[in-house]
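J.: Build the 3D model from these lines:
(4 chains)
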There are 4 protein chains.
Amino acid sequence: MKQHVDSREIYKTARNLLKERGVELKDIAEIVYEMQSPYESGLKLEKCLGSVEAVLEKREMQHALLVGIELDKLAEKGLLSEPLQSIVADDESLFGVDETIAIGAVFGYGSIAVTTYGHLDKAKIGIIKQLDSKAGSAVHTFLDDLVASIAANASSRLAHHIRDEAEEEEHKRMLVADVHDEGRS
Amino acid sequence: MKQHVDSREIYKTARNLLKERGVELKDIAEIVYEMQSPYESGLKLEKCLGSVEAVLEKREMQHALLVGIELDKLAEKGLLSEPLQSIVADDESLFGVDETIAIGAVFGYGSIAVTTYGHLDKAKIGIIKQLDSKAGSAVHTFLDDLVASIAANASSRLAHHIRDEAEEEEHKRMLVADVHDEGRS
Amino acid sequence: MKQHVDSREIYKTARNLLKERGVELKDIAEIVYEMQSPYESGLKLEKCLGSVEAVLEKREMQHALLVGIELDKLAEKGLLSEPLQSIVADDESLFGVDETIAIGAVFGYGSIAVTTYGHLDKAKIGIIKQLDSKAGSAVHTFLDDLVASIAANASSRLAHHIRDEAEEEEHKRMLVADVHDEGRS
Amino acid sequence: MKQHVDSREIYKTARNLLKERGVELKDIAEIVYEMQSPYESGLKLEKCLGSVEAVLEKREMQHALLVGIELDKLAEKGLLSEPLQSIVADDESLFGVDETIAIGAVFGYGSIAVTTYGHLDKAKIGIIKQLDSKAGSAVHTFLDDLVASIAANASSRLAHHIRDEAEEEEHKRMLVADVHDEGRS
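T.: Sure thing, here's the model as predicted:
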């Protein structure tokens, strides 16, 4: 049987690549916080960070990071063939493969994730803005979209979990009320 | 052979449904204008309207409008089964089929259309905002997303056309220069 | 705060609707078995059934079922407006909203799920074939695509789990080997 | 203003890359023929070839080809970083970025194109099969999916055009009949 690349190695590489390219998970968690705090009073940054970490455990997200950041780095070193080299190095406005890869990784968290991604791609909050307005010769054509994708996924994941928790609370309350009622009768 | 529904009838119905539900093509063109005018100096509203009309000629868009508006109207009359009736009538925040249908119609215009859709879905500009903050018993759960979808498609279409025109100009200029050069030699 | 429809109710309704429309979970599990057994020797139908059940716990899948089956039933009773009524009742070949909704629910399980869905949509295995070649006045325009979507998701989920399990085994073996080595030294 | 890469150059490079990697447009046209001939009696291979050529004129398709084939070639030369190098060189079964890029280019032609793509990805007809069962050290991890994507788009495009033509015929017939009727009255 063919030897598979161990998924722990892929996971570790994806996280290291983010760090190497100047993106801390806390930076992404802050975007998630900004997106979700209007919907959940008392939301903590830690919870957002936990959601970002959960998203990074997904294979599709890791693979997208590996491919996208590789292309950014190759373009930075001028190692891609023309005209792809110019397209990626200049972040050509009609080039869409960066977004295609990011959107592909976003589908896994449902339509909320897709719309949140679209919003982040336009609004360019926090670290996404910094990446987009890169200084010097740094190329972040794929990375800024990938970060938006992680943030969108983590936001969508939180939105679903918050609802699940609220419902669980509700179910417990109903159960207590039932027991109470039974005690009375 | 089975009788097909004529596509002119589908087209006419889709346009009439928009009007019936209070959406003028000019309202959508205004969103397109707001999205694209920063990228094209001297952009005219007429050009945006033309792009909206071109988008409405696509089968996928027409079918999406027929299905989405039908569901809105059925919910308005309380004719859907529960719990779907409550979900659609209340525009449940985790319900995503409205967005799925709208996003499905948006894919046809590439990744720029997808991100523009996501942005419009969050920013809720112009008529989209009016539909979303509907008065009384009107249900626009699907319609607001569909309008965002039309606007996103028309914007993406314009972005591509503007580039095509610029290149054509460039090619003509190069041709003239070539002829000029030849004349000289 | 607005009252939300309880997700347990949505889940129960989605499962009941499948049964009501003649689709047993075992029918879907059989498709999953046919798709995955070439890749996992000794795969049991029970495992496929478990994967189908896990897929049905997803909100996006439940919502898709609620909407699609509602439209099928309305078309069956002739209650949709024209020309949508004819389009859905005749399963018009260029109508794509049924597939859009099914594909929307399939994205959650990655690109393997999308391609498996496409394959099932063409190959029409088992219960999908029965639904497609419906007898009499039954309308399954949306249902056949939704069943393909559930089967594709359950197949993709299995493929990922099988890999995860294989890796866990590998990690355990490596651990045992390490302990062994340490014992020796 | 920033200099844009001319789209004619992108188009030419994309076509040359296909040729360089052993894919003739006729090979793709043959897949289209196999997919569409059951639906259109008397379909000619030339018409399929024309549809393939039209698909290749789309920016999204060209960009996808540039990126995908570049990654294949880099992997072939062992120039990607690990673990991406191993993943791409071995066409890892759970790697999905190749399919994400191909699916991204397929959305432009609607849901028929998506399902046809999924089918081709499994059935591996003609040149796709040859690419998939590559000999020696050739890497076609991205290329086989991209060829399936071109073929799926060209098939979907044909399906829509065939319907459009049939309707136009119908409209002409109705017009002639009307004139005839008027002549009589």
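J.: Helix or strand for residue A:122, just tell me which one.
T.: Residue A:122 belongs to helix A:110-123 when elements are defined using DSSP states H and E.
J.: what's the helix or strand following that helix in contact with?
T.: The helix or strand immediately downstream of helix A:110-123 is helix A:127-132, counting by DSSP H and E. Outside helix A:127-132, the residues that touch it by C-beta atoms under 8 Å, 6 or more residues apart in numbering or on different chains are A:22-24, A:27-28, A:30-31, A:120, A:124, A:140, A:143-144, A:147-148, A:151. All C-beta atoms are positioned from the backbone trio N, CA, C, and that covers glycine.
J.: So which elements touch the next helix or strand after helix A:127-132?
T.: Following helix A:127-132 in sequence order, the next helix or strand is helix A:143-184 (DSSP H and E). Using 3 or more C-beta pairs under 8 Å, 6 or more residues apart in numbering or on different chains; DSSP states H and E, the elements in contact with helix A:143-184 are helix A:25-36, helix A:45-56, helix A:59-76, helix A:97-106, helix A:110-123, helix A:127-132, helix C:7-20.
J.: quick check: angle from helix A:143-184 to helix C:7-20?
T.: For helix A:143-184 against helix C:7-20, the angle by axes from the mean of the first three to the mean of the last three C-alpha atoms, to 10 degrees is 90 degrees.
J.: so helix A:143-184 versus helix A:110-123, what angle?
T.: Using the same axes, to 10 degrees: helix A:143-184 against helix A:110-123 is 140 degrees.
J.: just to revisit the earlier point, could you find the lowest-pLDDT member of the contacts of helix A:127-132?
T.: Lowest pLDDT among the contacts of helix A:127-132: residue A:124, with 89.
J.: Near it, how many other residues are there?
T.: Counted with other C-beta atoms under 10 Å in any protein chain shown, the neighbours of residue A:124 add up to 16.
J.: With residue A:45 instead?
T.: Counted by other C-beta under 10 Å, the residues lying close to residue A:45 total 13.
J.: In contact with it, which residues?
T.: Per C-beta under 8 Å, 6+ apart, neighbours of residue A:45: A:26, A:29-30, A:33.
J.: one more time with 10 Å
T.: A:26, A:29-30, A:32-33, A:37 (C-beta atoms under 10 Å, 6 or more residues apart in numbering or on different chains).
J.: again, but for residue A:8
T.: Neighbouring residues of residue A:8 by C-beta under 10 Å, 6+ apart: C:167, C:171.
J.: and the closest residue to residue A:118 other than its chain neighbours, what does it touch?
T.: The shortest distance from residue A:118 to any non-neighbouring residue, by C-beta to C-beta, 6 or more residues apart in numbering or on different chains, is to residue B:118 (1.4 Å). When contacts are counted by C-beta under 10 Å, 6+ apart, residue B:118 touches A:103, A:106, A:111-123, A:148, A:152, B:99, B:103, B:106, B:148, B:152.
J.: how far away is residue B:118 from chain D?
T.: 15 Å (C-beta to the nearest C-beta, to the nearest Å).
J.: thinking again about what came up before, show me the one of the helices and strands packed on helix A:143-184 that comes nearest residue D:71.
T.: Set against residue D:71 and scored by C-beta to C-beta, the helices and strands packed on helix A:143-184 come closest in helix A:59-76, at 7.2 Å.
J.: what is the orientation angle of that closest one with helix A:45-56?
T.: Going by the same axes, to 10 degrees, helix A:59-76 makes 90 degrees with helix A:45-56.
J.: how far is helix A:59-76 from where the chain is centred?
T.: Per C-alpha atoms, centre = their mean, to the nearest Å, the displacement of helix A:59-76 from the mean C-alpha position of its chain is 14 Å.
J.: do it and chain D meet at all?
T.: Yes - interface with chain D: helix A:59-76 contributes A:59-60, A:62-71, A:73-74 (C-beta under 10 Å from any C-beta of the partner chain).
J.: Out of these, who's the most crowded?
T.: Busiest of the residues of helix A:59-76 next to chain D [other C-beta under 10 Å] is residue A:65, holding 31 neighbours.
J.: Centre of the chain to stretch A:131-151, how far?
T.: The answer for stretch A:131-151 is 13 Å, by C-alpha atoms, centre = their mean.
J.: For chain A, which residues are neighbours of chain B?
T.: Chain A has residues A:35, A:39, A:92-103, A:106-107, A:110-123, A:145, A:148, A:152, A:156, A:159-160, A:162-164 near chain B, with proximity defined as C-beta under 10 Å from any C-beta.
J.: Tell me the residues on chain A that lie near chain C, please.
T.: So far as C-beta under 10 Å from any C-beta goes, chain A lies against chain C at A:1, A:4, A:6-8, A:58-60, A:63, A:103-114, A:160, A:163-164, A:166-167, A:170-171, A:174.
J.: which residues touch residue A:167?
T.: C:4, C:6-8.
J.: do you know how far it is from chain D?
T.: Taken as C-beta to the nearest C-beta, the span from residue A:167 to chain D is 32 Å.
J.: Quickly note the distance from that residue to residue C:53.
T.: For residue A:167, the distance to residue C:53 equals 19 Å [C-beta to C-beta, to the nearest Å].
J.: for residue A:177, same thing?
T.: Counting by C-beta to C-beta, the gap from residue A:177 to residue C:53 is 30 Å.
J.: Kindly report the same for residue A:139.
T.: Applying C-beta to C-beta, the value for residue A:139 to residue C:53 is 46 Å.
J.: Which of these two has more residues huddled nearby?
T.: Neighbour count, other C-beta under 10 Å: between residue A:139 and residue C:53, residue A:139 has more, with 22 against 14.
J.: Tell me which residue of chain A lies closest to chain B.
T.: Taking C-beta to the nearest C-beta, chain B has its nearest neighbour within chain A at residue A:118, 1.4 Å off.
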